[in-house]
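**Student:** Okay, sequence plus prediction incoming.
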Amino acid sequence: MPTISSTSSGSGLDVRNLVDQLVAAEGGPVTSRLDRKEISIQEGLTAIGTFKGALLDFQSSLAPLRNTNAFKSITAMSSNEDKFTAAAEDNAVTGSYNIEIEQLAQSQKLKSQIFESEFDIVGTGTINIEFGKINNNSNTFEVNSKVPLKKIEIDSDNNSLLGIQDAINQADVGVRASIINDGSGYRLIFNSENTGLENSLRISIADDDVNNADQFGLSQLAYNPIINNNTDTTTNVESGQNLEEITQAKNALFSIDGISISNSKNEIANTIPGITLMLKKVTEGSIESFTVEKETSGIKQSIQSFVASYNELMSTVSTLTGYDADSGQAGPLAGDTSIRGIVEQIRRRLSTSFNGINENLGSLASIGIDSSREGALTLDEFKLDKALANHADEITHLFSAAVSTSDPKVTVSSTKIPNVNGIYNINVEQTPSSGSYTGLAASNFPASITQVPEKFSLSVDGAVSGDIFIPPRNFQSGAELASELQRLINADDNLKRSGADVSVNYINNAIKITSNSVGATSKVDVRSASQNLSALSGLIASQGEAGNDLRGRVNGYDLVGDENKLKLEGALSGVVLSVSGNQVGNRGDLIVTNGIAAILDDLTNSFLTNNGLLDSRIDGFNLKIKDVERQRADLVRKLEVSEERYLKQFSNLDAMLGKMRSTSNFLAEKLSATPLSTK
């Protein structure tokens, strides 16, 4: 018998130890089962996290390939960056070009006569600054219609040489003024901020002393670049040419492949599509060159990364879902149908065919990407290099999501990429045009408006102008009159509020006013014109000719454009095409591709997104863990009840044993005291 220790009841029974052993025996198997279950769930949860991380890594490898910009790495290299630099955009055509730089563009600089001090009072009035170029054939100054007349008011507060400098600079009119002491006195320097012949200066003065061309007052700063025949060429007084030219405005003169080109800036951005040249120095008779090449090493690296990342994903999946024969252990996600479904969907997308899009590269296999027996991808780099060299544009279709056109004058101006792959014919039935008004034959030039201003009014795109006044002025040519009309019309407040503006040209001895908008609502009507103005310009009150809407047909839908834009419908809804040029009929193809990288990126994103499939699986594991925790709590409560019952039972037993022992002791004592007891 076990040794009975003393208890309060006197039985010697170890109730606490017996109860603990019974409770442990009852709860032990359940606890072990819950421990094993929780470990299995935690392993599954960790495995899902591992798979999610691998899937995120795989998705990261898709990002460079789903964007078409990754496949448009064009580089331009200059043979002599001291003379010029070259940069290429994605739409540049590869090739090699020769360049010879004869002259750099420069801005015009003018200087005033000498003043004794920068605080000398010059005069008051208005400084009118215009930009344009000299027409040597007609001896006229043709105003740059893109730059409106600039006016700077000079009063008694800013009529010093320094005050006029500050007023010009604060007005921000495209001219910088500075004061220079050349040793003999102070001069005010006018520097056109923009280079090129079209940014030469004409500075006219409305002098408060009434005489606007003499050498007194504010008219000391007048500069009329045209010297009239009756002007004293010694003093140039009558012409108002009181400033002296320091630096002549010049265009950049250069040639590309023997073609002579003139440009107002040294930054040449529109001569070759997609190429920007920055001219720095003349080549002094030598011929330099620049090359435009497609850079494919980055594309190749992205494809290699895609293959490696896919294989890493498949290796992770094999570890998590496979069976290790050596250890006899299955992966934590073995038999998981959701993981198997994800992998199957990814593998299926790899076999997407592009035969209807590409002429040469119809699948990943055509660029050297194949599947091995184990399910990994292999890459034939020789085959890939060949495809990159010969069909780089088709590789773009294999991987990226893009909408493009075959006609360079029909461009995609939207970001929407329909969820379809295909080639769709673009047919333009009517090109957009602008409304215009053509006047009667104008008078012979030179011609003048004398004594009082002449006025006219017109409507542009339905917006009605106020009365527009042409002040007295001599016009040397119809082009000069057209330039002034354009400036005045576009300065009208009513038209500016409506966003309406025009271009005015002198064509075939007639003034033509054209709205700068396009479409059926584009129209120019002359509402009124004074008699003398009609005689001079040929403008009479009459209606012009309305413009035309853009009309086309794509994918079976008849479309009406908004200005020069066609909004496509049906499966191509959301795509917007910008149409330029006047060609009607077949305008090439619209190519819509959702390449493999784009498809897989969207697919993996659907798995990885919040509340997606993987989040649901993680939530499922977490629910199982909570269920285990609930079962543990239930077990604790159950064992507490059992412990209480055992304690009560064994306490009663202990008490009963104590009484029995006490009775036994009492009887033994009595029996030992009787006469019949054996001695």
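**Tutor:** In hand now; what should we look at?
**Student:** Next, work out how far apart M77 and G435 are.
**Tutor:** As for M77, its distance to G435 is 47 Å (criterion: C-beta to C-beta, to the nearest Å). Backbone N, C-alpha and C define where each C-beta goes, glycine included.
**Student:** quick one: which of the two has more around it?
**Tutor:** G435 (25 against 14; other C-beta atoms under 10 Å).
**Student:** OK, contacts around the more buried one?
**Tutor:** G435 sits next to D461, T514, S515, S517, S522, K523, V524, G544, E545, A546, G547 when contact means C-beta atoms under 8 Å, 6 or more residues apart in numbering.
**Student:** Looking at these, which are in strands?
**Tutor:** T514, S515, V524 (DSSP state E).
**Student:** In the protein, where is pLDDT below threshold?
**Tutor:** Along the chain, the parts satisfying pLDDT under 70 run over 1-12, 228-239, 327-328, 676-679.
**Student:** what residues go with each domain of it?
**Tutor:** 25-70+296-400+595-619, 74-105+252-294, 109-247, 436-537 (automatic domain parsing).
**Student:** one step back: who wins on neighbours among the ones in strands among the contacts of G435?
**Tutor:** Most surrounded of the ones in strands among the contacts of G435: other C-beta under 10 Å gives V524, at 26 neighbours.
**Student:** Just the buried residues from the contacts of G435, in PyMOL please.
**Tutor:** The command below creates a PyMOL selection of those among the contacts of G435 that count as buried (16 or more other C-beta atoms under 10 Å):
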select buried, resi 461+514+515+517+522+523+524+544+545+546+547
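**Student:** now, which of the contacts of G435 sits nearest N191?
**Tutor:** T514 (34.2 Å; C-beta to C-beta).
**Student:** who's the closest one bridged to?
**Tutor:** S436, S503 (DSSP bridges).
**Student:** Let me see the contact set for it.
**Tutor:** Going by C-beta under 8 Å, 6+ apart, T514 touches S434, G435, S436, Y437, V502, S503, V504, N505, V524.
**Student:** Just the buried residues of these.
**Tutor:** Buried members of the contacts of T514, counted by 16+ other C-beta under 10 Å: S434, G435, S436, Y437, V502, S503, V504, N505, V524.
**Student:** circling back to that earlier point, which among the domains of the chain is found nearest to Y424?
**Tutor:** Across those, Y424 has its closest neighbour in domain 25-70+296-400+595-619 (11.4 Å, C-beta to C-beta).
**Student:** Quick one: distance of that closest one to the chain centre.
**Tutor:** Between the centre of domain 25-70+296-400+595-619 and the centre of its host chain there is 30 Å, according to C-alpha atoms, centre = their mean, to the nearest Å.
**Student:** Could you do stretch 537-549 as well?
**Tutor:** Worked out by C-alpha atoms, centre = their mean, stretch 537-549 lies 40 Å from the chain centre.
**Student:** Same question for stretch 241-255.
**Tutor:** With C-alpha atoms, centre = their mean as the basis, stretch 241-255 stands 38 Å off its chain's centre.
**Student:** ok, back up a step: now the ones in strands among the contacts of G435 as CSV including distance to T31?
**Tutor:** Output for the ones in strands among the contacts of G435, formatted as CSV (distance: C-beta to C-beta, whole Å):
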residue, distance to T31
T514, 90
S515, 87
V524, 92
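**Student:** would you list the domains of the chain in a markdown table and tack on distance to D14?
**Tutor:** Putting these into a markdown table (distance: least, C-beta to C-beta, whole Å) gives the following:
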| stretch | distance to D14 |
| --- | --- |
| domain 25-70+296-400+595-619 | 16 |
| domain 74-105+252-294 | 88 |
| domain 109-247 | 101 |
| domain 436-537 | 100 |
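**Student:** got the contacts of G435 as JSON lines, with distance to S534 columns?
**Tutor:** Shown next, in JSON lines, are the contacts of G435 (distance: C-beta to C-beta, whole Å):
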{"residue": "D461", "distance to S534": "23"}
{"residue": "T514", "distance to S534": "20"}
{"residue": "S515", "distance to S534": "21"}
{"residue": "S517", "distance to S534": "26"}
{"residue": "S522", "distance to S534": "24"}
{"residue": "K523", "distance to S534": "20"}
{"residue": "V524", "distance to S534": "16"}
{"residue": "G544", "distance to S534": "15"}
{"residue": "E545", "distance to S534": "19"}
{"residue": "A546", "distance to S534": "23"}
{"residue": "G547", "distance to S534": "25"}
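**Student:** Widest-spaced pair of the buried ones among the contacts of T514?
**Tutor:** With C-beta to C-beta as the measure, no two of these lie farther apart than G435 and N505, at 14.5 Å.
**Student:** check contacts around D336.
**Tutor:** D336 touches G44, T321, R617, counting by C-beta under 8 Å, 6+ apart.
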